[in-house]
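sequence first, then the predicted structure:
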Amino acid sequence: MTAAIIHYNTPEMTGALVRSLRKWSPKLDIVIFDNSDERPFPKTDGVRIIDNTIGQEVNFADMLRRYPNKLPTACNWGSEKHIASVDRLFDLLPDGFLLLDSDILLKRDISELADPSQAWVGMIQRKPEYWFQAVRLLPFLLWVNVPMLRVRGIRFFHEGMVYKMSYTGVPFYDTGGSLLVDCRAARLSGREVNINDYMIHFGGGSCGRTLEFQLAWVRAHRHCYE
């Protein structure tokens with residue numbers, strides 16, 4: 001089974017997550033989808049790196065240019081890039097994967113979440129913080145059963161279902177929104193768990209925090225990876 005991490009610009013934080021995975025779930029294969037042109041994840045023994053620097057797998061610049069009326073946002077279109085990255089993993093990891101954000105650390109074994117009988121295992125956000133956010137599956141830690149989803153034609157990214165790119169109709173602002181809607185429409189079962197029992201999350205908007213702040217958070221939670 002594979003744990004897939006979407007990496008952005010803090011290899012120290014992603015590296016701590018890799019060590020955390022090895023501590024709590026040592027039997028999982030680790031794949032990193034590397035989106036960082038500025039601070040790519042370094043080659044690491046036992047870790048497969050999918051190199052998406054300068055758009056080798058997903059050309060974000062071309063993708064964003066298709067939306068001339070898109071809304072401005074922080075963090076260089078982080079949500080949209082994240083959704084497109086996970087969608088590409090459907091092709092690269094066709095057996096399914098445990099999706100992890102790069103700004104979490106684990107507190108226990110997550111391999112038990114990989115359930116071949118369920119389309120997804122994770123946590124639903126029912127009370128969005130902002131008016132434009134629809135109910136969604138939280139992407140921080142989520143089992144994605146790609147074989148089951150592909151049979152039904154379900155993917156992770158839908159044009160017109162991301163608020164900032166195409167905001168006519170009902171918005172699905174963030175990662176995991178359209179997946180939940182599609183699974184419900186196809187009557188595919190999922191299992192909800194409290195992912196906070198398994199992980200600690202640095203928090204949204206990590207791209208706006210200083211490196212010093214991020215590293216202090218990593219040090220404060222060293223019990224997760226040492």
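Received it, and whenever you're ready, just let me know what you need.

show me where this structure has helices.
Ranges of helices in the chain, per DSSP state H, are 11-24, 60-65, 78-92, 146-151, 177-185, 211-220.

what comes up buried for the last one?
If I follow you right, that is helix 211-220. Gln214, Trp217, Val218 (16 or more other Cβ atoms under 10 Å). No exception for glycine: its C-beta is placed from N, CA and C like everyone else's.

for Met123, find the nearest of the helices of the chain.
Met123 sits nearest to helix 177-185 of all these, at 10.8 Å, using Cβ to Cβ.

return the alpha-carbon coordinates of that closest one using PDB.
Coordinates of each C-alpha in helix 177-185 appear next as PDB, following Å, rounded to 0.1, in the frame of the first residue of the first chain:
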ATOM      1  CA  GLY A 177     -15.500  18.500  -2.500                       C
ATOM      2  CA  SER A 178     -16.300  17.000  -5.900                       C
ATOM      3  CA  LEU A 179     -15.100  13.600  -4.900                       C
ATOM      4  CA  LEU A 180     -17.600  13.400  -2.100                       C
ATOM      5  CA  VAL A 181     -20.400  14.600  -4.300                       C
ATOM      6  CA  ASP A 182     -19.500  12.000  -7.000                       C
ATOM      7  CA  CYS A 183     -19.300   9.100  -4.600                       C
ATOM      8  CA  ARG A 184     -22.600  10.000  -3.100                       C
ATOM      9  CA  ALA A 185     -24.200  10.300  -6.600                       C
END
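
list the contacts for Gln214?
Listed by Cβ atoms under 8 Å, 6 or more residues apart in numbering, the contact partners of Gln214 are Thr10, Glu12, Met13, Asp103, Phe202, Ser206.

wait, the first one sits on Ser102?
Yes: between Thr10 and Ser102 there is a contact at 7.1 Å, judged by Cβ atoms under 8 Å.

what about the two, which has more around it?
Taking neighbours as other Cβ atoms under 10 Å, Thr10 and Ser102 compare with Ser102 leading, 26 against 22.
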